[in-house]
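> this one's structure only:
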């Protein structure tokens, strides 16, 4: 069916995102309260968006071209808009690309796949810093003493695949705030809304992590997949991985204004 062409869908999404997130108090220590009706309206609009609405054509899988392939960024970003309340843009991942495990301090977010398929591994944050009484497990390989300060505790919340026919993936300051995004079988792209935007001066910088392997004390003891997923996961904060960087490219879709 033809869409209502009087107002582009992306303009409706931007307007509703501003209504939903304006005045939201950022807190890295707790969930921000979102009006259920406003969030529901935004979810409905974001669920409906497709690559064609943004004039983005799905990329085709290209064979590796050696040096040229190594020099091009694995991920690019199309900036659509940013206000004090939220930012919105499109991430495009080439075949085999990943966005490493990272966080969104004190932020809410929505991710909607536009084409292709991605696998999302999402974790909940536990407390940021270890207390004096916290005894971390033994890791394999062992950590150096100075790395202990960079240890973080988390809980694996979900692992799922998303396509253009899937609904949005949501994150809040406490729930599924950390995630890793991997392409599945080919290139992909997704619309990304973050509220409020990243801002290092406001304590909202992006941190990267790697999952640590503990020295197993035994087998899974007959636990179900769901029980194993909800177990504690230890992370080590790391610099941005050298094999990951994000380039920029122009956004070809309808302009957004406020």
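Arrived safely, thanks for sending. Since the model is a prediction, treat every value here as computed from it, not as a measurement.
> When you work out contacts or count neighbours from here on, use the C-alpha atoms and nothing else.
Fine.
> State the three-state secondary structure for the nearest residue to residue 185 once chain neighbours are set aside.
Distances taken as CA to CA, 6 or more residues apart in numbering put residue 95 closest to residue 185, at 7.0 Å, once the chain neighbours are dropped. Using DSSP: H, G, I helix; E, B strand; the rest coil, the structure places residue 95 in coil.
> just residue 37 next, same as before
Per three-state DSSP, residue 37 ends up helix.
> cool, the one 5 residues further on as well?
At residue 42 the chain is in helix, as set by three-state DSSP.
> how many neighbours does it have?
21 (other CA atoms under 10 Å).
> burial count for the residue nearest to it when sequence neighbours are not counted?
Leaving aside its sequence neighbours, residue 42 sits nearest to residue 16 (CA to CA, 6+ apart; 5.8 Å). Other residues near residue 16 number 19, with proximity taken as other CA under 10 Å.
> Test my guess that residue 16 contacts residue 38.
Yes: counting by CA atoms under 8 Å, residue 16 does reach residue 38; the two are 7.5 Å apart.
> Report the helix or strand with the lowest average pLDDT across this protein.
When the helices and strands of the chain are scored by mean pLDDT, DSSP states H and E, helix 225-229 comes last with a mean of 53.
> Can you tell me how far the residue nearest to residue 185 is from residue 154?
Taking CA to CA, to the nearest Å as the measure, residue 95 falls 29 Å from residue 154.
> tell me the mean pLDDT for the very next helix or strand once past the least confident helix or strand of the chain?
Downstream of helix 225-229, the first helix or strand assigned by DSSP states H and E is strand 232-238. For strand 232-238, the mean per-residue pLDDT is 93.
> Pull up the pairing partners for strand 232-238, direction included.
Using DSSP bridges, the strands paired with strand 232-238 are strand 151-163 (antiparallel), strand 208-211 (antiparallel).
> how about the ones you listed in a markdown table, adding distance to residue 34?
Shown next, in a markdown table, are the strands paired with strand 232-238 (distance: least, CA to CA, whole Å):
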| stretch | distance to residue 34 |
| --- | --- |
| strand 151-163 | 21 |
| strand 208-211 | 27 |
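> Need those strands in CSV (columns: mean neighbour count).
Output for those, formatted as CSV (neighbours: other CA atoms under 10 Å):
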stretch, mean neighbour count
strand 151-163, 18
strand 208-211, 18
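> and the residue nearest to residue 42, what does it touch?
38, 41-42 (CA atoms under 8 Å, 6 or more residues apart in numbering).
> Next, format the strands paired with strand 232-238 as a markdown table and append distance to residue 171 and mean pLDDT.
Shown next, in a markdown table, are the strands paired with strand 232-238 (distance: least, CA to CA, whole Å; pLDDT from 0 to 100):
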| stretch | distance to residue 171 | mean pLDDT |
| --- | --- | --- |
| strand 151-163 | 11 | 95 |
| strand 208-211 | 16 | 96 |
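> do you know which of those strands lies nearest residue 60?
For residue 60, the closest of the strands paired with strand 232-238 is strand 151-163, at 15.8 Å, according to CA to CA.
> now the strands for the protein?
75-82, 87-93, 98-102, 108-115, 117-125, 151-163, 169-171, 178-183, 188-195, 208-211, 232-238, 246-248 (DSSP state E).
> which secondary structure elements does the last one contact?
Which is strand 246-248. Counting contacts by 3 or more CA pairs under 8 Å, 6 or more residues apart in numbering; DSSP states H and E, strand 246-248 packs against strand 75-82.
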